[in-house]
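1. here's a sequence, model it:
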Amino acid sequence: MTHTHDEDPACEVAHHEAPGELAGRTLVAVFASPVADCLLRFGAELGFRPILLEPDPERRVEGFTVVTELGDYLDAAADVVLTDHHREEIGPVLRDVLKFPVRWIGIMGSARHVAPHVRALADLGVPPEEIARVHRPIGLNIGSRTPPEIAVATLAGLIADRNGRPGGFLF
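-> Now for the predicted structure:
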């Protein structure tokens, strides 16, 4: 079977004959962590505008825009990923993020454990339908264990979701 570039715009992008669509995508990693560092680095390569939201001014990931409070970054083109499920600020941060029309919100954590954000949000009076907007676990199920693997799985899941695809190898 003969393949021409005219048949597949994605092929043109892969061969650098057409630009990929990158505009308007924001990735907000919440909490400075090794996973946040990888998410932001890899996300930048994938065309996301990488932002770190870190409420603690003592914690940082170098090389990225760092904000200590929510602002102009949380719009309908923003994907928000909480990279630490042990931080005491989880409830207030998620409550505040849920007030914005962000495209997607997720928090790291295993499906085998109780999700701490559910109780934290309920205690703050967040309605169940808003709590349900928070995805957990996040990313594609590839058995990721290291920060780079978790970042790759998460970003692949975000891209699949953004493109209306199931992820994996089914086309």
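2. just the helices in the protein please.
-> 9-14, 34-45, 90-97, 116-123, 128-131, 147-162 (DSSP state H).
3. lowest-confidence stretch among those?
-> Among these, helix 9-14 carries the lowest mean pLDDT, at a mean of 62.
4. need the helices of the chain in a markdown table with mean neighbour count, can you?
-> For glycine as for every other residue, the C-beta is placed from the backbone atoms N, C-alpha and C. Shown next, in a markdown table, are the helices of the chain (neighbours: other CB atoms under 10 Å):
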| stretch | mean neighbour count |
| --- | --- |
| helix 9-14 | 13 |
| helix 34-45 | 21 |
| helix 90-97 | 19 |
| helix 116-123 | 17 |
| helix 128-131 | 12 |
| helix 147-162 | 19 |
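5. right, so of those, which gets closest to residue 63?
-> Of all these, helix 34-45 sits nearest to residue 63, with 7.9 Å by CB to CB.
6. between the helices of the chain, which gets nearest to residue 106?
-> Nearest to residue 106, of all these, is helix 147-162, at 7.3 Å by CB to CB.
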